[in-house]
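**Q** Kindly return the folded structure for what I paste below:
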Amino acid sequence: MSSILQDSKGPKSPPKGKIKEEVSWNTGWWDFYPIVEQLSPRRVEWSNSSTIFSPHAKAPRVLARHFSSSKEFNIPMPTPLFNAPTAYDPPTVISVSPDDQWLFAYFPGKSADGSACLWRRGAEIDNWVVKEYWSTAPGAGIVAVSWLDPPRETPVSNPTLLLVTQNHRVTLCYLRNYIPTLKMISVSLSQPDSANEGQAAPDVEPDNINVLRICSSAAIGLGYDESSILVATRSHVLPYPPPNTTNDHFNAMDMSMPLDFEQQHSEFTRSDEPCGEDSFISLTQVTLRFGGIAMNLSTVPLEPLPTVTTGLSNLTFISHSSVEKGLKGSIYLLSSFLDFGDYTAQPQSVITCHSFSREEENGALAWKYSQKSSRSFEDEVVGFLSPAKSRPGGIYTGLYSTTGSFLLRSQKEKEVQIGSTKLLRIPELTDDDNYEPSPILTSTAKAGREVPIAAGVSPNEALICTLSSNLFIAQVSVHAPPKCPIVESGFPPLSTGLATALLARRTTADIIHVLSLPSTSLDEVANVLFHALTIVETQPKGRHTILTYQTLGTALEVYRNRSRRTKDQSEKELLDARWQSAHDLCSLAACNAAFEDCRDADGPDLNAVWQFTGVSTWIINFIEKVMKETMLRSIGQASTTGSDVDLFGADPEPSPLSEQGSVDSPYLLHIVHPYALKSLKSALSNVRTFRNRLGSLNVHGQNAQIAKEVVVDLVNCASVDLDALEPILDEFIEQSKNISDEDARKSLAACEPTISMHTYLQDNIRRLCDSGVMSKSRLYIKPNELIDGFENLSLEMPIQGQDKDKDVVSKGVLMKRPHYVQCLRCDGRSEVALPANSAVTNSLRWRAWERQWIPACICGGSWVKGTSS
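**A** Next comes the predicted model:
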């Protein structure tokens, strides 16, 4: 490495330019050896809730970080690790269930029993609770885990997972419904075996007492339309440690001890079997049966798969479903090897692919395998293999360079490419020419020193995270996957990925991160969201409305992320208005759902009168906010035509958002867009219905009378005449039918009116301002503002909603309770979304409505736990 990287005071640059020095870096074989450390591996897992789980570098802890909010949280330690943390190593196995409700990790013991732990997640993504933990004997540590998804999962257990252990056994762990304790069934992988539920595992003697054969790597294959499971294992043969000559039975000063004592005891460590890595991969068929009462697990060993080299680095099964009806899917086993030879040169990398199929033999179906391809890499080292689930027939392959160079332009740390990620075709193992390789980057200080040793793919395969080989710091880096520049469908790849995630109810955080990058223009963001809306709105009626608002929540997060990163003040104001407008649409939908779900035969459930009062207050404040922006926009138009405008004796300056030229204020989306108009009209009708019902009742009691007067005054004293506004909104809704579906989607994608809506918007603004539905004095001056004097009044629109003290779900006042939840998408807080903080009300309907927001915020964002200071 050049000395300029080590000396921060290096030579000064000449005044007329900077020196660009070329710096070379090289790696040694020892830099790649951690990749084949199968006896103490390190893994990284990217869950479907977009949480990255990784091992701590030194302590027996699981680190968790939500991507891309960078929210970090701790996973609670089980009791044995909490009491004796120095007795355990960092976890070597970390796995999250596909439904993101369960987490499993295994912690090897230091010359003692290991510990396995199973956690269950709560409603919040950072709420993990230890469900079960158990110890494992030395030599019986857990190597691999796989979750059994439906339909292979039994109908009487959840979760159900398979564990492969070092002593060549497979264990079925499951929680039976209505039984709180974990159950296990264990059978041997090295010989035919069968066990029923409740049967204790027999003690198994090793085949050779002079050596210790442990399973160091394993893969579990779950094929489509297959009743059995394949397990592939690779073993290491290790000698037993020499006898302990320091015990009480041996005394070096005892003259009566035989002279050949050490030679006699050394015979117990001799074996004709060579120590080291096996030259084959063992295969076993595992069958799980459920007879209606108890489960049965059985194994049948298959013919082992020979290998030509040692140094196994990756072992994984890949299953593909068949697109043709009546044909079964394919299952492949991919294995990669690093051959270090005599440890004097760079390792040679080889990837092999074997296919598996079931053929009839002696009247029964038997598994057969054959090698389909093998590929060697001369100047690159294979680092990781990860199946590309969204691209059937492909696998992401990380290839690391052994040498390289970069231009040093300054003393600041910059990134340099140390390899690339390619998409290989299966089973050919050739490069997929439709996808461009993506670079693997690291800092200049780490080039030639650290390489990624493990990788995890994001839920929508928009990003790939890697874990560094640093033994002191568990650093996780994020990289881009190979991209496909050719789009046959005409939709951008991110659009199809986003629509697929919404339809599958997966997190969209990885796609949102890509759309939030400065390298992605706002026009590209709007185009991706528009095409995603086009896809989801083709769904059957009833569901596509929910998907539309979920897409709107995605747009909200993108524009909010970009607003926090931009340094341009005018752009920040525009982005703030966009995401706030999207959030208002989501809030309107939630408020309308409250009125719809919490009603009896006569109207809104009056047992939740104070909750409806809070919702109605928010709706009226929102209507006033939109009317205020409408008036300011009207003033801006009048000033461009030279008309004289006098607003209650003053000429206010137009809103900053009203000076965007041809681009209208995002807040005006609510008076021109078809969806927004219908939602606004529904909210207005609900408030009027609620007010009319209360006003017609003869209430008894002080509390009921106060509620009635508050709601009646709220509507009657509003700065907008709700009775006169409703027929005007009906006119706007009728006119909005002339707006094409394409323009409506583009407008929602941009969270603001499009240029094609400009004519309709101008007419609507003029109609509202000339109708007299707004009281200008009450619209701009509130009674509480008069207390501070006229000099503190502001006529400009607040860019962000001033609802920090309001519950984002119920729109009521936050009671400052000790615990609450906070949304990672809109940053809103809620106390009613916690079951323990349910509203004090006699309305069962309102309680049920509150509970539906426990899984997610009204904008679709995930909850995290919060604590009041």
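
**Q** What about Thr92, how many residues nearby?
**A** 21 (other CB atoms under 10 Å). Glycine gets a C-beta too; all of them are placed from N, C-alpha and C.

**Q** Contacts only, for it.
**A** Ser40, Pro41, Arg42, Arg43, Pro55, Tyr106, Phe107, Pro108, Gly141, Ile142 (CB atoms under 8 Å, 6 or more residues apart in numbering).

**Q** next one: Ala526
**A** Residues in contact with Ala526 (CB under 8 Å, 6+ apart) are Lys746, Ala749, Ala750.

**Q** So which of the residues you listed belong to strands?
**A** Members of the contacts of Ala526 lying in strands (criterion: DSSP state E): none.

**Q** out of those, who's nearest Ile464?
**A** Ala749 (27.2 Å; CB to CB).

**Q** How about that closest one, nearest residue that isn't a chain neighbour?
**A** With sequence-adjacent residues excluded and distances taken as CB to CB, 6 or more residues apart in numbering, Ala749 is closest to Leu529, at 3.7 Å.

**Q** show me what contacts the one you found?
**A** Ser495, Leu498, Leu515, Thr551, Thr554, Ala555, Val558, Leu748, Ala749, Ala750.

**Q** for Asn561, what are its contacts?
**A** Contacts of Asn561 (CB under 8 Å, 6+ apart): Ser68, Ile512, His513, Ser516.

**Q** at 7 Å instead, please
**A** With contact taken as CB atoms under 7 Å, 6 or more residues apart in numbering, Asn561 is in contact with Ile512, Ser516.

**Q** Look at it and report its pLDDT.
**A** pLDDT recorded at Asn561 is 95.

**Q** I'd assumed Trp618 was in contact with Leu714.
**A** No - Leu714 sits out of contact with Trp618 when judged by CB atoms under 7 Å, with a separation of 10.8 Å.

**Q** Looking at these two, which has the bigger crowd around it?
**A** A count of neighbours by other CB under 10 Å puts Trp618 above the other of Leu714 and Trp618, at 24 against 18.

**Q** wait, what's in contact with the spatially closest residue to that one that is not a sequence neighbour?
**A** Counting by CB to CB, 6+ apart, Lys811 is the residue found nearest to Trp618 once chain neighbours are left out, at 3.9 Å. Shown in contact with Lys811 (CB under 7 Å, 6+ apart): Cys591, Gly614, Val615, Trp618.

**Q** between these, which is nearest Asp721?
**A** Trp618 (18.8 Å).

**Q** burial of Val808, as a residue count?
**A** Quick note: Val808 (other CB under 10 Å) scores 29 neighbours.

**Q** Then the one 4 residues further on?
**A** Other residues within reach of Gly812, judged by other CB under 10 Å, total 19.

**Q** shouldn't it be in contact with Gly614?
**A** Yes - using CB under 7 Å as the test, Gly812 is close enough to Gly614 to be in contact (3.9 Å).

**Q** biggest helix in the chain, by residue count?
**A** What stands out as the longest helix in the chain, according to DSSP state H, is helix 609-641.

**Q** in it, what counts as buried?
**A** Buried residues in helix 609-641, defined by neighbour count with 16 or more other CB atoms under 10 Å: 609-637, 639.

**Q** Kindly report the same for stretch 119-138.
**A** In terms of neighbour count (16+ other CB under 10 Å), stretch 119-138 has its buried residues at 119-121, 123-126, 128, 130-133, 136.

**Q** mean confidence score for it?
**A** 94.

**Q** ok so, going back, quick one, which of the contacts of Ala526 are buried?
**A** Here, 16+ other CB under 10 Å leaves Lys746, Ala749, Ala750 buried among these.

**Q** export these to CSV and tack on distance to Leu297 and pLDDT?
**A** Listed next are the buried ones among the contacts of Ala526 as CSV, based on distance: CB to CB, whole Å; pLDDT from 0 to 100:
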residue, distance to Leu297, pLDDT
Lys746, 56, 94
Ala749, 51, 95
Ala750, 55, 94
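
**Q** re earlier: tell me the first helix or strand C-terminal of the longest helix of the chain.
**A** helix 674-695 (DSSP states H and E).

**Q** tell me the angle of that next one relative to helix 609-641?
**A** 130 degrees (axes from the mean of the first three to the mean of the last three CA atoms, to 10 degrees).

**Q** which secondary structure elements does helix 674-695 contact?
**A** On a contact count with 3 or more CB pairs under 7 Å, 6 or more residues apart in numbering; DSSP states H and E, helix 674-695 meets helix 569-597, strand 603-604, helix 609-641, helix 702-716, helix 722-736.
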